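A.B. asks: pasting a predicted model and its sequence here:
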Amino acid sequence: MESNNSDSKKIYVAMIVILLLINGVAGYLLFKENKEKQIKIDEVTKLDADYKNLNTDFEAAKSEIDLYKGKNAQLDSILTERQAKIERYQSQLAQAQKQGKLNAEEIKKFKGYIAELQADNAKLQQQVSELTSKNQELDKNLTAEKQTTAALSEDKKNLSKKVELGSLLHIQNLKVEGIKKRNSGKEVVKANTKRVDYLKITFATGENKILESGQLSLYVRILNPKGETITVPQQGSGVLTLAESGTEVQYSKKIDTDWNKENKNLALEWSHDIAAAGTYTVEVYQAGYLLGKGAVTLK
C-alpha cells in the first residue's frame with residue numbers, strides 16, 4: 001500500500017516538472033517572439049526616421065542650390081543639372097520605401113549620396129564666393145572706368161566749350177545810326193523817323209586766330225521800340241537758337257562773310273518797319289552767342 005502511494009507521488013512530481021518545463025519553454029518562446037517583434041518594430045521605426053531624414057537632407061541640398069541661382073548663366077546650367085540629380089535620388093528613395101526594399105544597406109547608400117551632395121555644395125559655395133568677389137572687382141573697375149570716362153568726357157566738353165568760346169569774335173565799335181540818303185548818294189545821320197531812310201549798322205570784327213578761316217555767318221536782331229524783333233522773311237529773316245538757354249529767337253538779317261582771321265569792317269542797312277518813334281536796339285550773334293549790342297533813338 002505504501003509502495004503505491006510512493007509511486008503516485010513520483011508520477012505527480014514528474015508531471016509537475018513536465019508542466020513547469022512546458023510553461024518555461026512556452027514563456028521563453030513567447031518572450032523571444034515579443035522581443036523579435038519589438039526589434040522589428042524598432043527597425044521599421046528607425047528606417048522610417050532615416051527615410052524622413054534623408055528626404056529632409058535632399059530638400060536642404062536643393063534649397064541651398066536655389067540660393068546660388070541668378071549669379072551667372074553658366075553656373076545656373078550646372079545648378080539645374082544638380083537639382084535634377086537630387087530629384088532622381090529622391091525618386092529612388094521613395095521607390096525603395098514603397099517596395100519595402102529600404103534596408104540598412106540602402107540607407108547607407110543614400111547617406112553616401114547626401115555626403116556627396118554636401119561636398120559638392122561646399123565647393124559650389126566657394127566658387128560662388130570667388131565669382132562674387134570677381135564680379136565686385138569688375139564692378140569696381142567698371143565704376144572707376146565710367147568715372148574716368150565721365151571725367152574725360154567732361155574735360156573734353158569743357159575743352160570744346162573753351163575752343164567754341166575762343167572762336168567767338170570780339171566785335172568793336174558797334175554803331176547804329178538813322179540815315180538819310182541824298183540824291184548825290186551822300187549819307188546824312190538823322191534822328192527823326194520822318195527823315196530817316198534806313199538804319200545803318202556798322203562794327204569791326206577784330207582779329208581772331210582761333211576761328212578757322214572760311215564762310216562765317218553772323219545774325220543781326222533789330223528790335224523795335226516795343227522790344228519786338230523786326231522780321232521780313234523776304235529779306236532773309238529767320239530763327240536762331242541761343243547757345244546758353246537753347247531758346248529759339250527770331251533774327252532780322254544774316255550777314256555772310258569770308259573770314260580770314262583778320263579784322264573786318266562790316267555794315268548792314270535796314271529800312272523795314274522803322275517809322276515808329278523810340279529806341280531801336282540791335283544785337284549781333286555768332287553761333288547762338290551774343291557778341292554785342294547797340295541802339296539808336298529816333299524821334
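C.D. replies: Looks like it came in fine.
A.B. asks: C-alpha from now on. contacts and neighbour counts both.
C.D. replies: Noted.
A.B. asks: show residues contacting stretch 287-299.
C.D. replies: Identification of contacts with stretch 287-299 by C-alpha atoms under 8 Å, 6 or more residues apart in numbering yields 168-171, 174-178, 191-193, 218, 240-244, 277-285.
A.B. asks: try it again with 6 Å
C.D. replies: For stretch 287-299, the surrounding residues in contact (C-alpha atoms under 6 Å, 6 or more residues apart in numbering) are 176, 191-193, 241-243, 277-285.
A.B. asks: please save the CA atoms from it in CSV.
C.D. replies: Taking Å, rounded to 0.1, in the frame of the first residue of the first chain, the C-alpha atoms of stretch 287-299 are listed here in CSV:
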residue,chain,number,x,y,z
ALA,A,287,26.7,130.5,-83.2
GLY,A,288,24.0,131.5,-80.8
TYR,A,289,26.2,133.6,-78.6
LEU,A,290,25.5,137.4,-78.2
LEU,A,291,28.6,139.3,-79.4
GLY,A,292,27.4,142.8,-78.8
LYS,A,293,24.5,145.3,-78.6
GLY,A,294,23.9,148.8,-79.9
ALA,A,295,20.9,151.2,-80.1
VAL,A,296,19.6,154.4,-81.6
THR,A,297,16.7,156.6,-80.6
LEU,A,298,14.6,158.2,-83.2
LYS,A,299,12.0,160.9,-82.6
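A.B. asks: before we move on, back to that, if any of the contacts of stretch 287-299 are buried, give me the ChimeraX selection for them.
C.D. replies: What follows is the ChimeraX syntax for the buried subset of the contacts of stretch 287-299, where burial is set by 16 or more other C-alpha atoms under 10 Å:
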select :176,191,192,193,242,278,279,280,281,282,283,284,285
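A.B. asks: residue 97: which of the contacts of stretch 287-299 is nearest?
C.D. replies: Using C-alpha to C-alpha, residue 243 comes nearest to residue 97 of the contacts of stretch 287-299, at 81.8 Å.
A.B. asks: need phi/psi at the closest residue to that closest one other than its chain neighbours.
C.D. replies: Distances taken as C-alpha to C-alpha, 6 or more residues apart in numbering place residue 288 nearest to residue 243, at 4.7 Å, with adjacent residues excluded. Dihedral pair for residue 288: phi 90, psi 0, per degrees, to the nearest 10.
A.B. asks: let me know the pLDDT of residue 288.
C.D. replies: Looking at residue 288, its pLDDT reads 89.
A.B. asks: what about it, neighbour count?
C.D. replies: For residue 288, the number of neighbouring residues by other C-alpha atoms under 10 Å comes to 19.
A.B. asks: residue 281 pairs with what?
C.D. replies: residue 223, residue 295 (DSSP bridges).
A.B. asks: and it, what does it touch?
C.D. replies: Contacts of residue 281 (C-alpha under 6 Å, 6+ apart): 222-223, 294-295.
A.B. asks: repeat for residue 224
C.D. replies: residue 280.
A.B. asks: how close does it sit to residue 291?
C.D. replies: 19 Å (C-alpha to C-alpha, to the nearest Å).
A.B. asks: quick check: closest non-adjacent residue to residue 166.
C.D. replies: residue 210 (6.5 Å).
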